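[1] Here's my sequence, what's the structure:
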Amino acid sequence: MDIKSTITTLLRDGFILVFNQDKLDVVKTAEALIKAGVNNLEVTCRIKKPLEKMERLRKELPDFAAGSASLIDWPGMLDVYNKANPQDPLPTLAQVADAGACYLVSAVNFSDESFEKFAGKIPMIPGCGSATEVVSQFSKGANLCKIFPAKQLGGPAFVKAIDPAIHKTISLVPTGGTNTGNIPDYIDVGVLVLGGSFSMIDKAAMQKVIDEQDYDLLAEKLTVIKQLIDELRAEKYPDIDFANASVEQISRITGRNFNLS
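    Okay, here's the model as predicted:
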């Protein structure tokens, strides 16, 4: 899956699920997402054996956009963590890329060295906490910029506040505290893609999914989120058929640039 097709998938989906649950099967979760109309999944490196999960996901569902997240792209920090956790170390960007990751996500900025190596080849979605970080990371090659932790930064109000400063050009992906209650506000301020974890699903239902390994119920709950995003984006952008739109069409109508040229 090349960089353009992956970004197209993310934009059509409008949602990136953060897979951070060791008690769920990663492939069955991906299949539940597919049933819900979502064709990507972000495998965090905070779970056990993330490389093995990534490799399995890419092997069993090769047309599914499996991303890797919670990446620490700073050797000093990575060394400190891995020396303290030798039994389950955090992988590098190169390792997740070799495992087949279709896109790369971090809670913090990516290094200049990684932009030189991966920009233009694999979609890069760095974590940003200010307009300066967003512009800086985009100028180095980021395709979308993750706003994290979105809730603590101010939620939709934060996105609305910094969007004029970036001339409404860069697509922001709020992650952290997103839910069905604030999705409408995020879409209203121009967000095209939202990140969210299993906490978006009510606790009782999610516990049932885990305890009974009920992936049909998971698909049902994910469908509600996907349909909400689809309905709100259709209202916001009536000239875009997100299910079939190209990156170029989405860029032209929304004014967002995805660093593909």
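[2] To what extent is P184 buried, counted in neighbours?
    By other CB atoms under 10 Å, the residues close to P184 number 15. Where C-beta positions appear, they are placed from N, C-alpha and C, glycine not excepted.
[3] I'd guessed it sits against R233; true?
    No - counting by CB atoms under 8 Å, P184 sits too far from R233 to count as a contact (10.7 Å).
[4] can you give me the helices for the stretch 51-200 of the chain?
    Listed in chain order, the helices of the stretch 51-200 of the chain (DSSP state H, counting those that start in this stretch) span 75-84, 93-98, 112-118, 131-140, 150-153, 156-162, 183-188.
[5] Name the residues that touch the lowest-mean-pLDDT helix or strand in the chain?
    The least trusted helix or strand in the chain, going by mean pLDDT, DSSP states H and E, turns out to be helix 75-84, with a mean of 93. With contact meaning CB atoms under 8 Å, 6 or more residues apart in numbering, helix 75-84 is reached by 72, 89-90, 92.
[6] Excluding chain neighbours, give the residue nearest to I170 in space.
    Distance criterion CB to CB, 6 or more residues apart in numbering; nearest residue to I170, sequence neighbours excluded, is F138 at 4.9 Å.
[7] need the contact list for the one you found.
    When contacts are counted by CB under 8 Å, 6+ apart, F138 is found next to 145, 166, 170, 259.
[8] from these, which is closest to S111?
    S111 lies nearest to C145 out of the contacts of F138, by CB to CB, at 15.4 Å.
[9] Give the full set of residues in contact with that closest one.
    Contacts here follow CB under 8 Å, 6+ apart; on that basis C145 touches 125-126, 128, 133-134, 137-138, 170-173.
[10] same question, V247
    Residues in contact with V247 (CB under 8 Å, 6+ apart) are 4, 7-8, 11, 258, 260.
[11] again, only this time at 10 Å
    When contacts are counted by CB atoms under 10 Å, 6 or more residues apart in numbering, V247 touches 4-5, 7-8, 10-12, 143, 256, 258, 260.
[12] cool, F64 as well?
    Per CB under 10 Å, 6+ apart, neighbours of F64: 1, 9, 27, 30-31, 33-34, 38-41, 57-58, 102.
[13] re the thing from before, return the set of buried residues in the least confident helix or strand of the chain.
    For helix 75-84, a neighbour-count test (16 or more other CB atoms under 10 Å) marks L78 as buried.
[14] Use 611 as the first number for this chain going forward.
    Got it, the first residue is 611 from now on, which makes the last one we talked about helix 685-694.
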